[in-house]
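In: can't give you the sequence, but here's the structure:
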Ligand code: SF4
Ligand code: SF4
């Protein structure tokens, strides 16, 4: 296609047009206006919801200020995570090194807020000037008696994925520090849910109803103390493409805790995830309770859901999200409400992810990795899309062209997970697609 | 100012943004231009997200997307590839290249790299390349903004014949402000080059096609000819000489420079119209005399609701100075004027803004963050906050109204449509403030009067 640069051709595919080898998981092309952020962003999204920890960004001010309270990750208690802490490095720190400033900033903030742990994020220039963050963190940890964990998240060291790994590395040091006595053998940790709009509370409720104890939320509404005893759980359930997959792998290595990949988006995947957990515990009674739960939840949402389905049947949707795993669920969720997905892409999918997307989508569907505004807008037009699902950066692309939009990213304020979340999702889609304002946009004028 | 606050090492909830963001906004206000950040991908993406949440408009900021190898061996190759790709896809008339902390720290010589790039790839023409150095470890987004404006002027103007126009370097205004400013100039019978002008590029109409580069912006040919203008008007009392485009035009081409404050409130707007009248040789158009008259009339009607109220004002230094000047005019006591900027000229300018009015000199602080603003605000017992939406958590915590002005407005629609300048802007501000005070009283009253 004309809109894509030559170098990007292999990152755009159409379902049914073989051979399918996606060029992905590499650095963004210079000058292509990627929708991606950086390593630091990856670490920050994963660790951010830990609400009783101090999150200090070591670097110049921008990296910290652009990530101040940007996510809808709720906490049921402390809200330290909603503040933006920075060492705000100045020229003199760049020249002579920022270790001293980092040390004093940490001491000052720990004294002020008494956090349960501190995460210190390195940004690009810290990686260049070579501050020994490890040493500073160790020293402060000894002096203050709390874990102080460096997160090696220099922005240029790859994409978001590397950031996930750095975050998991930091959490790995927390796991194992706590007392695990009294944890049920029917227990698990929730990995990869960030409690946007309170979602993890809903998921926890499902598990509790099934008779499963949730040990640690990793990381939505997360607490340092819970993560420290997470190794006492019997199972890890992991959502979201890989953001916490690394931690699950590490915990399997360190403590032989198995993991299940789950998704809470859409009725199909939600139900399947709960069944998979019940099956894991091999408990008949639990399986019965789970079936009951699913049945009840479905009966609550189905009548209204079907009304939306009637209105939305045949409409076309495009999806562009951070992780490919969410895209799988969204494809199915759109099917549930009778809609057709005509384009789907992600910032950080793997070749396997894209192969799976090609499996589950209809022929002709555009599949794209690490796209940009020009490509995305061309896809929206070509496929005559009725609604675009993405994040804040995708929203103006849709709106400028007069296309409906649903925010399915970290900033959203609507609960979209679980059974109730599916209903909210349908409402969101319906509320945007059916708005009368589209009648006035140029796209609809002739 | 003596040291009243403890000297914190850390920053909590900064009241400033980083330099390349300001530069990107300025570049976005030039016709056919694409902002380009030389650094790693994250910076550009974060800034786009931040700007989009205010303007609700697409803003493509390209990046040279440096990876680990480039960070070690230099980012030259990526810079060139990025420029090539942007040229190929966007067909820009100009690429505005701003550095980031990373490329400044590794010491990329952008000037030389661009020289090479022109030799290697631009023999048959191509976009203009304007480059500005914007390391965020010194200065805020405002320094970045001004530096980009200065770079545009320095690198694009050429000696021209006198053309009778007026240059206006307004600093960081809203899209509505820019539209209003251009209208004033036209109404005064003048032709002006307003740089930058993102009134359309960041606040455009619904479209059928995604614009490669949105319409609008200051014309490059106009920028080139700024050297021939009869004068330059530059807003902002805290703008340092080396970042002033007006100073450059004066020094290089002898274009007289008139430095004014941001025209917020009656006196600063009067000053602007006096200046414009001098250039045009005509008195202020009747339309504005009428607007001024209405404004004064409304101030009289509503003066009791605002008199003696105490305000915390924060944001960019020059905006805060303008707002403070207006607050003094309507009898509001500014108790704290705070900014994350550190121009060095803030205190003096605030002093001048309130001089001659029956208000006390407010506490004035440069280099403040919201943690410090919060600590002081708790002592100063304000009635309201006046500033951008990042003060919301603070205002909410104390249970006071936040009147939203400036940038960013992330929690309301219409940030780009906020009008601050001129008599019309003062009118809007006054209505906002008076109504906020009336509402606070009404909501907290047991009676709930339905008349004021
Ligand atoms: S590295 Fe510098 S330019 Fe990039 S976001 Fe941080 S402060 Fe801004
Ligand atoms: S400086 Fe590096 S870490 Fe900070 S936002 Fe930019 S790319 Fe990310």
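Out: Yes, it's here. Here the structure is a predicted model, which means the values were calculated and not measured. Ligands and ions are numbered 1, 2, ... in the order given.

In: which stretches of the chain have low pLDDT?
Out: No chain specified, so I'll use chain A. A:1-3, A:18-20, A:240-241, A:446 (pLDDT under 70).

In: um, chain B though
Out: Checking chain B against pLDDT under 70 turns up B:1-5.

In: And the residue of it found nearest chain A, which helix or strand is it part of?
Out: Closest to chain A within chain B is residue B:42: 2.6 Å, counting by C-beta to the nearest C-beta. Just so you know, the C-beta spots here come from the backbone N, C-alpha and C atoms, and that holds for glycine as well. Secondary-structure assignment from DSSP states H and E places residue B:42 in helix B:41-55.

In: Output the contacting helices and strands for that helix.
Out: Applying 3 or more C-beta pairs under 8 Å, 6 or more residues apart in numbering or on different chains; DSSP states H and E, one finds that helix B:41-55 makes contact with helix A:39-47, helix A:61-65, helix B:19-28, strand B:33-38, strand B:62-63.

In: surely the residue of chain B closest to chain A meets residue A:63?
Out: Yes: Residue B:42 is within contact range of residue A:63, at 7.4 Å (criterion: C-beta atoms under 8 Å).

In: joint contacts of the two?
Out: Counting by C-beta atoms under 8 Å, 6 or more residues apart in numbering or on different chains, the residues touching both residue B:42 and residue A:63 are A:40, A:124, A:155.

In: Apart from its chain neighbours, what residue comes closest to the closest residue to ligand 2 within chain B?
Out: Using C-beta to the nearest ligand atom, the single residue of chain B nearest to ligand 2 is residue B:42, 2.7 Å away. Residue nearest to residue B:42 in three dimensions, not counting chain neighbours: residue A:38, with 2.6 Å by C-beta to C-beta, 6 or more residues apart in numbering or on different chains.

In: Also residue B:210?
Out: Counting by C-beta to C-beta, 6+ apart, the nearest residue to residue B:210 once its immediate chain neighbours are dropped is residue A:377, at 3.3 Å.

In: circling back to that earlier point, and ligand 1, which of the shared contacts of residue B:42 and residue A:63 reach it?
Out: Among the shared contacts of residue B:42 and residue A:63, the ones lying near ligand 1 by C-beta under 6 Å from any ligand atom are residue A:124.

In: any idea which of the shared contacts of residue B:42 and residue A:63 is the one closest to residue B:388?
Out: For the shared contacts of residue B:42 and residue A:63, the minimum distance to residue B:388 (C-beta to C-beta) is 24.1 Å, reached by residue A:40.

In: per-domain residue ranges of the chain.
Out: All of this is about chain A. Listed domain ranges for chain A are A:1-32+A:313-412, A:39-174, A:187-291 (source: automatic domain parsing).

In: I was thinking of chain B, sorry if that wasn't clear
Out: Here the domain parsing of chain B from automatic domain parsing is B:19-156, B:166-204+B:214-280, B:286-442.

In: Okay, helices next: where are they in the stretch 101-250 of chain A?
Out: Remark: helices assigned in the stretch 101-250 of chain A by DSSP state H, counting those that start in this stretch are A:124-129, A:133-144, A:160-172, A:199-210, A:224-228, A:245-255.

In: So what's the residue count around residue B:305?
Out: For residue B:305, the count of nearby residues is 18 (other C-beta atoms under 10 Å in any protein chain shown).

In: Show me what stretch B:258-270 is in contact with.
Out: B:170-171, B:173, B:231-237, B:239, B:246, B:271-272, B:275, B:292, B:295-296, B:318-319, B:321-323, B:325-326, B:329, B:349, B:353, B:420-423, B:425-426, B:429.

In: one step back: quick one: contacts for the residue of chain B closest to chain A?
Out: A:37-41, A:63, A:124, A:155.

In: Please apply the same query to residue A:320.
Out: Here residue A:320 is in contact with A:35, A:343-346, A:368, A:371, A:376, A:388-390, A:394 (criterion: C-beta under 8 Å, 6+ apart).

In: Need those residues in CSV (columns: distance to residue B:19).
Out: Compiled in CSV, these are given as follows (distance: C-beta to C-beta, whole Å):
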residue, distance to residue B:19
A:35, 23
A:343, 36
A:344, 37
A:345, 32
A:346, 31
A:368, 33
A:371, 28
A:376, 29
A:388, 32
A:389, 34
A:390, 28
A:394, 26
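
In: out of these, which are inside strands?
Out: Taking DSSP state E as the definition of strands, these contribute A:343-346, A:368, A:388-390.

In: Indicate the residue of chain A located nearest to chain B.
Out: Residue nearest to chain B within chain A (C-beta to the nearest C-beta): residue A:38, separated by 2.6 Å.

In: Can you give me the distance of that residue to ligand 2?
Out: Distance of residue A:38 to ligand 2, given as C-beta to the nearest ligand atom, to the nearest Å: 3 Å.

In: Surely that residue and residue B:63 touch.
Out: No: between residue A:38 and residue B:63 there is no contact under C-beta under 8 Å: 9.9 Å.

In: Overlap of the contact sets of those two?
Out: Residues touching both residue A:38 and residue B:63 by C-beta under 8 Å, 6+ apart: B:40-41, B:43, B:45.

In: chain center to stretch A:307-316, what's the gap?
Out: With C-alpha atoms, centre = their mean, to the nearest Å as the basis, stretch A:307-316 stands 27 Å off its chain's centre.

In: got it, and stretch A:260-279?
Out: From the chain centre to the centre of stretch A:260-279 is a distance of 17 Å (C-alpha atoms, centre = their mean).

In: mind listing what's buried in it?
Out: Neighbour counts over stretch A:260-279 (16 or more other C-beta atoms under 10 Å in any protein chain shown) mark A:260-267, A:269-271, A:273-274, A:277-278 as buried.

In: ok, now stretch B:203-211?
Out: Buried, per 16+ other C-beta under 10 Å, within stretch B:203-211: B:203-204, B:207, B:210.

In: now do stretch B:438-448
Out: Buried residues in stretch B:438-448, counting neighbours by 16+ other C-beta under 10 Å, are found at residue B:440.
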